[in-house]
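Student: Need the 3D shape of this:
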Amino acid sequence: MSGSVNLAYDYPLLGAFWTILWISLWVLWFILLFRVIADVFRDDNLGGWGKAGWIVLVIVLPFIGVLAYLLARGDGMGRREYQHAQAQQEAVNSYIRKTAGAPGMSEAEQLAKLSEIRSRGDISDEEFARAKAKILH
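Tutor: Residues are numbered from 1 along each chain as shown. Below you'll find the model as predicted:
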C-alpha cells in the first residue's frame, strides 16, 4: 500500500461540484443573514435596545447570532414579512386610487381634474374631449 491516495478534489468534475456547493452555501448564508437583519428592523414590537442587541450579536458572532435569532424569533418572521407586503400593496392601491381618481368623485370634480391635466399640457384637446364625453355619459 505504497500508492498515492486520490482525494475527491483530484477529479475535475468533483472539484467543480464542491466549488458550486460551497458557493451556493455562501449565497444562502448571506441571504439568511440579510433576511434576519431586515426582520430585526421591520419588527415594531422590538424596542431600540433589543434591535441594537440583536444587530450587535449578528455582526459580532454571525453564525451564533443568526441561529439564536431564528430559534428565538424565527416563528414570526413569515408573519412580519406578510404584513409588510400587505402594507406595501395597500400603499400602492391607495396611490393608484388617489392618482386615478376615486369612483366616488363627482362629475364636477372629475372635470376639474381633467381640465387641470389639459392645462398642464399632459393631454391634447382631442383626448380631453374624449375623456369629458366619457365622464358625462
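Student: Contact partners for Leu33?
Tutor: Val58, Pro62, Val66 (Cβ atoms under 8 Å, 6 or more residues apart in numbering). (C-beta placed from N, C-alpha, C; glycine too.)
Student: Quick check, pLDDT for it.
Tutor: Per-residue confidence for Leu33 comes out at a pLDDT of 93.
Student: do the one 4 residues further on as well
Tutor: Looking at Ile37, its pLDDT is 93.
Student: Pull the number of nearby residues for it.
Tutor: 18 (other Cβ atoms under 10 Å).
Student: Just the ones in helices from the contacts of Leu33, please.
Tutor: The members of the contacts of Leu33 that map onto helices under DSSP state H are Val58, Pro62, Val66.
Student: ok, Gly48 to Phe17 distance?
Tutor: The span separating Gly48 from Phe17 equals 46 Å under the rule Cβ to Cβ, to the nearest Å.
Student: Next, the buried residues of stretch 122-130.
Tutor: Phe128 (16 or more other Cβ atoms under 10 Å).
Student: now stretch 55-68
Tutor: For stretch 55-68, by 16+ other Cβ under 10 Å, it's Leu57, Val58, Gly65, Val66, Ala68.
Student: need the ones in helices among the contacts of Leu33 in CSV with distance to Leu33 and pLDDT, can you?
Tutor: As requested, the ones in helices among the contacts of Leu33 are arranged in CSV below (distance: Cβ to Cβ, whole Å; pLDDT from 0 to 100):
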residue, distance to Leu33, pLDDT
Val58, 7, 92
Pro62, 6, 89
Val66, 6, 92
